[in-house]
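> how would this look folded up:
(one chain, ligands or ions: 2)
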Amino acid sequence: MVIFSHANWRKPTIRTLDRPSIFLAGALSALLILWTFFFFSTLENPYKPDTCKCNQPDPAFNLQFDPPVSTFYDDPYFGYTVDKTITNWDQKRRTWLKLHPSFEPKSHDRVLIVTGSRSTPCKSPTGDHFLLRFYRNKVDYCRIHDYDIFYNNVLLDPKMPSCWAKIPTVRAAMVAHPEAEWIWWLDEDAAFTDMEFKIPFHRYKDYNFIVHGWPKEVYEKKSWLGLNAGSFLIRNCQWSLDFLDKWADMGPRSSNFDKWARVLLDEFKHESDDQTALGYLLLKEHQQWFGKKMLIETGYYLEGYWVAIVDTLNNITERYLEIETTAGMLRRRHAEKVSERYGVLREPSLKDAGNEFGSWRRPFVTHFAGCQPCNGKHNPLFTGKGCRNAMNMALNFADNQVLRNYGFVHRNLSDPSVVSPLPFDYPA
Ligand SMILES: *[C@@H]1O[C@H](CO)[C@@H](O)[C@H](O)[C@H]1NC(C)=O
Ligand SMILES: *[C@@H]1O[C@H](CO)[C@@H](O)[C@H](O)[C@H]1NC(C)=O
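Ligands and ions are numbered 1, 2, ... in the order given. This is a model prediction of the structure:
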């Protein structure tokens, strides 16, 4: 859809006119409106910057427009699979964007969330139910923040199963979405528990890869648990494709897999998996040009471990209600589409909330690492019931932030099926 907004267009001003001429003027302006509408809706030549208002903040994408000029998509040697090296991607992406100017606005921070799970039913009887709720939670966040999302549930590269499957998926997503600047991988068992928080992309100008962790644990203690590969941001650029190649080279499809497995065991005292490999890349490339593009985020829960989070959710709910009791604006009912605005308005009240461990700010992403909701083979440290209760709490905690825009609330975070309507001006 083309939204018509033209700066030079003015409603004709009609002063002292008699009835027939008002009619005539009306008919003429109707014609003018029709003409301009057709003129601008058929005007699709991207090479006329004076007529194309493509740099105006117009979020509408023209989904019908794909000019016949050939791009990388038309190159028979170009491929989506990990074995087909991609070169010159930045240029290819830029050219594509030039040919599709309606995607130009916001192209510096457009986000595609990529997540996924197996193609077969879950072994745990509640597994598919939880995966659906985790997915719904991500869709909720995307709807509120205008992000796109891709849920992949097929193995794109049979030689890269389980935890390695994210690499070919992220790579294919980059190629499928040249309009997206960032790909955000999220594991299927991670949930947004702050629907208002937005990634501070302005801080990442100099970085291409961001993962949550503790730098000291990675760089000094060489612990594979110093970071978590269940949530990471990766810029859609050539650097990232090269990075994914390096990462994939440590995985099971590579002829170097066994060699890397020994290196990883030696350095990180842990078996080879995507996370250990990522830790190794961070450690080894730390001081080099390549590694300088990688950041371990410590400022907020880009990924937060559920064990440290779930018990705090009830208290956090109380603190937020206290804030809303005194701040009338935050209680105001509003359309879901404008809810980002209310996140910004809440920010001053959260300045003492802290971040991450010990904070009473809503944790951004809660990851149920070790719970394995789909196959049910949870870490022996936990019980299946403990995991399910915790997932329920976190998902309902998040759901409350969404349902509020629909006028309802789960009063009891442990009970997903019961909601009550919210009174006007709650919680005044
Ligand atoms: C929640 O708040 C209460 C009362 O302030 C406090 O006693 C309790 O330790 C808090 N719980 C957690 C998990 O922080
Ligand atoms: C909350 O819901 C759970 C699960 O249905 C239930 O066991 C618990 O008693 C409820 N708590 C309260 C305070 O109603």
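> how near is the residue of the stretch 251-400 of the chain found nearest ligand 2 to residue 184?
Going by Cβ to the nearest ligand atom, ligand 2 is nearest to residue 392 of the stretch 251-400 of the chain, at 8.3 Å. All C-beta atoms are positioned from the backbone trio N, CA, C, and that covers glycine. The gap separating residue 392 from residue 184 is 25 Å, by Cβ to Cβ, to the nearest Å.
> Then residue 282?
Counting by Cβ to Cβ, the gap from residue 282 to residue 184 is 18 Å.
> does residue 139 belong to a helix or a strand, and which?
Per DSSP states H and E, residue 139 falls inside helix 127-145.
> on that earlier part again, which one of residue 392 and residue 184 is surrounded by more residues?
Just comparing residue 392 and residue 184: by other Cβ atoms under 10 Å the higher neighbour count belongs to residue 184, 22 against 19.
> Residue 334 contacts residue 340, doesn't it?
No. Using Cβ atoms under 8 Å, residue 334 makes no contact with residue 340, being 10.4 Å away.
> Find the centremost residue of the chain, please.
For the chain, the residue sitting closest to the mean C-alpha position, by Cα atoms, centre = their mean, is residue 113 at 3.8 Å.
> which element follows the longest strand belonging to the chain toward the C-terminus?
Ordering each strand of the chain by length in residues (DSSP state E) puts strand 227-235 first. Per DSSP H and E, strand 227-235 leads on to helix 238-249 as the next helix or strand towards the C-terminus.
> OK, contacts around the residue lying closest to residue 117 once chain neighbours are set aside?
Counting by Cβ to Cβ, 6 or more residues apart in numbering, the nearest residue to residue 117 once its immediate chain neighbours are dropped is residue 188, at 4.3 Å. Contact analysis of residue 188 by Cβ atoms under 8 Å, 6 or more residues apart in numbering lists 115, 116, 117, 131, 134, 135, 374.
> now, among the residues you listed, which is nearest to residue 244?
Of all the contacts of residue 188, the one sitting nearest residue 244 is residue 116; the distance, using Cβ to Cβ, is 15.8 Å.
> just the helices in the stretch 251-400 of the chain please.
Ranges of helices within the stretch 251-400 of the chain are 257-268, 274-285, 313-326, 328-331, 339-346, 384-403, based on DSSP state H, counting those that start in this stretch.
> Nearest spatial neighbour of whichever residue of the chain sits closest to ligand 1, chain-adjacent residues omitted?
Per Cβ to the nearest ligand atom, residue 315 is where the chain lies closest to ligand 1, at 3.7 Å. Excluding the flanking residues, the one nearest residue 315 by Cβ to Cβ, 6+ apart is residue 360, at 6.5 Å.
> related to what we said a few turns ago, tell me which of the helices of the stretch 251-400 of the chain sits nearest to residue 71.
Checking the helices of the stretch 251-400 of the chain against residue 71 by Cβ to Cβ gives helix 274-285 as the closest, at 30.8 Å.
> Got the domain ranges for the protein?
Annotated domains of the chain cover 58-106, 107-303, 305-421 [automatic domain parsing].
> just to revisit the earlier point, what strands line up against the helix or strand hosting the residue nearest to the centre of the chain, and which way round?
Here residue 113 sits within strand 111-116, counting by DSSP H and E. Paired strands of strand 111-116, with direction, are strand 148-152 (parallel), strand 182-186 (parallel) (DSSP bridges).
> Tell me which of these sits most buried.
strand 182-186 (a mean of 23; mean count of other Cβ atoms under 10 Å).
> Quick one: mean pLDDT for it?
The average pLDDT for strand 182-186 rounds to 98.
> Low-confidence ranges, the stretch 101-250 of the chain, go.
Residue ranges of the stretch 101-250 of the chain with pLDDT under 70: none are present.
> Can you name the residues of it that neighbour ligand 1?
Neighbours of ligand 1 within the stretch 101-250 of the chain, by Cβ under 6 Å from any ligand atom: none found.
> right, and the residue nearest to the centre of the chain touches residue 143 too?
No. Contact status for residue 113 versus residue 143: not in contact, 11.5 Å apart, counting by Cβ under 8 Å.
> Tell me what the closest residue to residue 302 other than its chain neighbours is bridged to.
Leaving out its chain neighbours, the residue that sits closest to residue 302 by Cβ to Cβ, 6+ apart is residue 212, at 4.0 Å. Assessed by DSSP bridges, residue 212 has beta-bridge partners residue 297.
> from memory residue 212 sits against residue 226, does it?
No. With contact defined as Cβ under 8 Å, residue 212 does not reach residue 226; the gap is 10.2 Å.
> what's the burial count for the residue in the stretch 1-150 of the chain positioned nearest to ligand 2?
The minimum distance from the stretch 1-150 of the chain to ligand 2, using Cβ to the nearest ligand atom, falls at residue 126 (14.3 Å). The tally of other residues near residue 126 (other Cβ under 10 Å) stands at 17.
> what do you get for residue 329?
11.
> Next: the one 10 residues further on.
The tally of other residues near residue 339 (other Cβ under 10 Å) stands at 18.
> Ok, residue 210 next?
By other Cβ under 10 Å, 22 other residues sit near residue 210.
> Counting by contacts, list what the host helix or strand of it packs against.
Using DSSP H and E, residue 210 falls within strand 209-213. Strand 209-213 sits against strand 227-235, strand 294-297, with contacts defined as 3 or more Cβ pairs under 8 Å, 6 or more residues apart in numbering; DSSP states H and E.
> chain center to stretch 283-301: distance?
With Cα atoms, centre = their mean, to the nearest Å as the basis, stretch 283-301 stands 20 Å off its chain's centre.
> Which residues does it contact?
With Cβ under 8 Å, 6+ apart as the test, stretch 283-301 has contacts from 197, 200, 204, 206-215, 218-219, 222, 226-227, 239, 242-243, 267, 281-282, 309, 355-356, 363-366.
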